[in-house]
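**Student:** Sequence first, predicted coordinates after that:
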Amino acid sequence: MSYAVFKGAERVATGSSLDAALAAQRLADDPSADLVLIFDPEGRQVDFDLSGDPADLEARLAPAEDAAAPRGRGRPRLGVVSREVTLLPRHWDWLAAQPGGASVALRKLVEAARRQGEGPERIRRSREAAYRFATAMAGDRAGFEAAMRALFAGDDAAFEARLVDWPADIAAQLRTYAAEAFGADEASVQVEARG
């Protein structure tokens, strides 16, 4: 997902943080422009320092390149961290009997648990992003409370019914943030919004 720039209720740009900042900078120079808001991929309203020219913005917002760390002697660090784990003897026996040993078995168990918990976590993050965005952009609109109840209840039909009277760009961006809360993926929501 990308950053989104709104001028009033109109979505004027989407893209990287630099794209969003450049679009906001162009709008900031227009004294007749409505309020300009920028939202990050998590639905949070963000403020960028828009001072200077586009080159200044690029210098501030360009991803910091990792300086090549001098390589020391010895084996390279692989990101493996050694820690102590307290288990019962029967647990150690089971781990020792697993192919690859205790470390491999523990890594596999942890990865399986992470994958299993990933779905509910994605739904929670999607709902929270949609709520943050909706609060900032549509908190005073008719049906806001009902739309948020439908969002957190997972009722896609009721959610969509509340968005009908909202400005098209706000509703489309809200659908993008809420896509995973209803089991859709972001790409299909963006295609539907354009069609």
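**Tutor:** Structure received. Numbering: from 1, shown residues only.

**Student:** just for this structure, where's the confidence low?
**Tutor:** Applying pLDDT under 70 to the chain picks out residues 33, 63-72, 74-77, 184-195.

**Student:** okay, now the domains of it?
**Tutor:** Segmentation of the chain into domains, based on automatic domain parsing, reads 1-61, 110-195.

**Student:** Of all those, which one is nearest His91?
**Tutor:** Among the domains of the chain, domain 110-195 comes nearest to His91, with 14.4 Å by CB to CB. Bear in mind the C-beta positions are built from the backbone N, C-alpha and C, glycine included.

**Student:** by contact count, what packs against the longest helix belonging to the chain?
**Tutor:** Identified as the longest helix of the chain according to DSSP state H is helix 101-138. Counting contacts by 3 or more CB pairs under 8 Å, 6 or more residues apart in numbering; DSSP states H and E, helix 101-138 packs against strand 36-39, helix 89-97, helix 144-153, helix 168-178.

**Student:** how far away is the closest residue to Gly101 other than its chain neighbours from Ala112?
**Tutor:** Closest residue to Gly101 apart from its sequence neighbours, by CB to CB, 6 or more residues apart in numbering: Leu95 at 7.5 Å. Separation of Leu95 from Ala112 (CB to CB, to the nearest Å): 15 Å.

**Student:** ok, those two, which is more surrounded?
**Tutor:** Applying other CB atoms under 10 Å to Leu95 and Ala112 shows that Leu95 carries more neighbours, namely 17 against 10.
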